[in-house]
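Q: whatever this is, show me its structure:
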Amino acid sequence: EVQLVESGGGLVQAGGSLRLSCAASGVTFDDYAIGWFRQAPGKEHEGVVCISRSDGKTYYVDSVKGRFTISSDNAKNTMYLQMNSLKLEDTAVYYCGVDLVGSCMRYDYWGQGTQVTVSS
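A: Below is the predicted model of the structure:
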């Protein structure tokens, strides 16, 4: 059974930083595309970043480029999202996901989400 558990969300002032973690079991990150997506209140899900296994590239949504960084510790089967210079519009529930196809087109597994709230 695949389980993904996010942590690290919270309340932070604009300009601050947070580091999200995603601990996985039942799946090995090496084999699949991994990434983060978010859902802000009243909005659709939005892909934030994904590491593709199809082409080996990392894709960031334009709005977070230069501010967010994805990383992973495959030995711990944990991925991270370092978020710097946070903005009000980054407020959302953040989810980590695993894409079995590896192309970052859609996630097959995701966690329960962690709330990130950026205040002014």
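Q: sketch out the low-pLDDT regions of this protein for me.
A: Across the chain, nothing is flagged by pLDDT under 70.
Q: which residue is nearest the centroid of it?
A: Geometric centre of the chain, nearest residue: Trp36, 2.2 Å, by C-alpha atoms, centre = their mean.
Q: please, which helix or strand holds the nearest residue to it once chain neighbours are set aside?
A: The shortest distance from Trp36 to any non-neighbouring residue, by C-beta to C-beta, 6 or more residues apart in numbering, is to Val48 (4.5 Å). Heads up, the C-betas are built off the backbone N, CA and C, glycines and all. Assigned by DSSP states H and E, Val48 belongs to strand 45-51.
Q: flag every buried residue along the helix or strand just after that strand.
A: Remark: after strand 45-51, the chain's next helix or strand is strand 58-60, criterion DSSP H and E. By 16 or more other C-beta atoms under 10 Å, the buried positions in strand 58-60 come out as 59-60.
Q: report the strands that pair with strand 58-60, each with its relative direction.
A: strand 45-51 (antiparallel) (DSSP bridges).
Q: which parts of this structure are strands?
A: Along the chain, the segments classed as strands by DSSP state E run 3-7, 10-13, 18-25, 33-39, 45-51, 58-60, 68-73, 78-83, 92-99, 109-110, 114-119.
Q: now do Gly113: how many residues are near it, please.
A: 17 (other C-beta atoms under 10 Å).
Q: could you find the closest non-adjacent residue to it?
A: Residue nearest to Gly113 in three dimensions, not counting chain neighbours: Val93, with 4.1 Å by C-beta to C-beta, 6+ apart.
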